[in-house]
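Visitor: pasted the sequence and its predicted model underneath.
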Amino acid sequence: MSGEAKAVISKEVLWGGGRSPFSVSYGKMMMWYFLVSDALTFGGLLIAYAFWRASSVDPWPIGEQAFRALPGLEGEYPLAYVALMTFILIVSSVTMVLAVEAGHRNDRSSVLKWMGLTVIGGIFFLSSQAWEWSHFIHGGGGCFNLAKEVTITTPDGDAMTLAAGERVYMDHHFGHLMEMHLQDPITVPLSEDGGHVVLTELGDHPHEAHLHSLRVNKYIENETELEGDAMMALWNARSENFAFGAPIPGLGADWGGINHSEYATQQGYSNFFFFITGFHGFHVFSGVVINLVVFLMVLNRVMERRKHYEMVEKVGLYWHFVDLVWVFVFTFFYLI
């Protein structure tokens, strides 16, 4: 009714002193907006990867076969190191929760302790990912193509026929010297004598690498390791087409003398791997930097003067998001 009085509600009452009707501060609301948009970006990248893989007619690398090395150790440990990386990142998410909880109690010393551990976990993850990248770039030892069709006997006693152009993979030490031999045969000479193949690196510290075994179908199903006569049959049928590691996106296919990716015939795998894990790694790096900034603010008692630890909550939201995204990246690239 036109004559009816209307109650006037002030902005302070309506917004609770600068807060939304959902009791979420402006800063936290904007953080949620950013995380939703970032989730859409990661979702689009992973969906593109899934479509690329589903439409591929070539065999796709298997994560547990492509990632089976541990720093400083010989042998094969499928997904062991990436599982450790994932565990540390998840633990850092727990320490972040404890930091936020300590902030609710205005417990400055506990906030510093748990945020410090979160930063350490993030640095460990980044360092591990840097090692994984360098190992993935260099490859397991490189491979060569067969110049002609070869029929061999597998360790199980079955006959296996490999067509011309089939990829045959070398071990790490021999492949590393083979790459150097192709660049400078004088410095790294190759010798063959009665089924014994040796590469020798000359210089102040001579180093030898012996060909002990070769593998076929590496990184995909039915991987087979061959020794003895079968190994030598493949070696003697080699072509001049060698490949080592994986090309770096943006540096061209001939980066570092690499003509093709070692990782199967599917270049899309390494391209998506480097881009998506690199994009996620940038987020982890950003999270570590932001955590350090907030850590210093807490150390200098900025939060005590503000009488709240909301900044810790906001960086906690970002850190949990980064951890959650890694769960999906881990699943897509390493498990499926």
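Guide: The structure has been received and is ready for your questions.
Visitor: so how many other residues sit close to the closest residue to V298 other than its chain neighbours?
Guide: The shortest distance from V298 to any non-neighbouring residue, by Cβ to Cβ, 6 or more residues apart in numbering, is to V111 (5.3 Å). Using the backbone N, CA and C atoms, a C-beta is placed for each residue, glycine as well. Look at V111: counted by other Cβ atoms under 10 Å, it has 25 neighbours.
Visitor: in a strand, that's where V111 is, yeah?
Guide: No. Read with DSSP: H, G, I helix; E, B strand; the rest coil, V111 is helix and lies in no strand.
Visitor: tell me the contacts of it?
Guide: 99, 102-103, 298, 303, 309, 312 (Cβ atoms under 8 Å, 6 or more residues apart in numbering).
Visitor: pLDDT, secondary structure and neighbour count added to those residues, as a markdown table?
Guide: Shown next, in a markdown table, are those (pLDDT from 0 to 100; DSSP: H, G, I helix; E, B strand; the rest coil; neighbours: other Cβ atoms under 10 Å):
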| residue | pLDDT | secondary structure | neighbour count |
| --- | --- | --- | --- |
| A99 | 93 | helix | 29 |
| A102 | 91 | helix | 21 |
| G103 | 90 | helix | 24 |
| V298 | 91 | helix | 23 |
| M303 | 82 | helix | 20 |
| Y309 | 84 | coil | 25 |
| V312 | 90 | helix | 24 |
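Visitor: what is the nearest of these to N145?
Guide: For those, the minimum distance to N145 (Cβ to Cβ) is 53.6 Å, reached by A99.
Visitor: show me what contacts the closest one?
Guide: By Cβ under 8 Å, 6+ apart, the contact set of A99 is 110-111, 114-115, 118, 312, 316.
Visitor: before we move on, the earlier item: relative to L146, which of the contacts of V111 is nearest.
Guide: Nearest to L146, judged by Cβ to Cβ, of those is A99 at 56.7 Å.
Visitor: which residue packs closest to that closest one, ignoring adjacent ones?
Guide: That would be W114: by Cβ to Cβ, 6+ apart, it lies 3.7 Å from A99.
Visitor: check what pLDDT the one you found gets.
Guide: pLDDT, W114: 96.
Visitor: show me the shaky parts of the stretch 101-250 of the chain.
Guide: Filtered on pLDDT under 70, the stretch 101-250 of the chain yields the residue ranges 194, 246-250.
Visitor: quick one: the residue nearest to V298 from L70, how far?
Guide: Applying Cβ to Cβ, to the nearest Å, the value for V111 to L70 is 35 Å.
Visitor: try H172
Guide: Counting by Cβ to Cβ, the gap from H172 to L70 is 12 Å.
Visitor: what ranges does the protein have for its strands?
Guide: When secondary structure is read from DSSP state E, the chain shows strands at 143-146, 150-153, 159-162, 167-169, 190-192, 197-201, 207-210, 214-216, 224-226, 238-243.
Visitor: can you tell me which of the ones you listed comes nearest to S55?
Guide: Between the strands of the chain, strand 167-169 lies closest to S55; by Cβ to Cβ that is 21.7 Å.
Visitor: check which strands are paired with the closest one and give the direction for each one.
Guide: strand 143-146 (antiparallel), strand 214-216 (antiparallel) (DSSP bridges).
Visitor: kindly reformat those as JSON lines containing distance to Y33 and mean neighbour count.
Guide: Below are those laid out as JSON lines (distance: least, Cβ to Cβ, whole Å; neighbours: other Cβ atoms under 10 Å):
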{"stretch": "strand 143-146", "distance to Y33": "47", "mean neighbour count": "22"}
{"stretch": "strand 214-216", "distance to Y33": "49", "mean neighbour count": "23"}
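Visitor: redo those strands as CSV? Include distance to V197.
Guide: As requested, those are exported to CSV (distance: least, Cβ to Cβ, whole Å):
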stretch, distance to V197
strand 143-146, 12
strand 214-216, 10
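Visitor: tell me which of these sits nearest to A237.
Guide: strand 143-146 (5.1 Å).
Visitor: of the contacts of A99, buried ones?
Guide: The neighbour-count test (16 or more other Cβ atoms under 10 Å) marks 111, 114-115, 118, 312, 316 as buried among the contacts of A99.
Visitor: let me know the closest of those residues to G281.
Guide: Distances from G281 to the buried ones among the contacts of A99, taken by Cβ to Cβ, are shortest for T118, at 16.5 Å.
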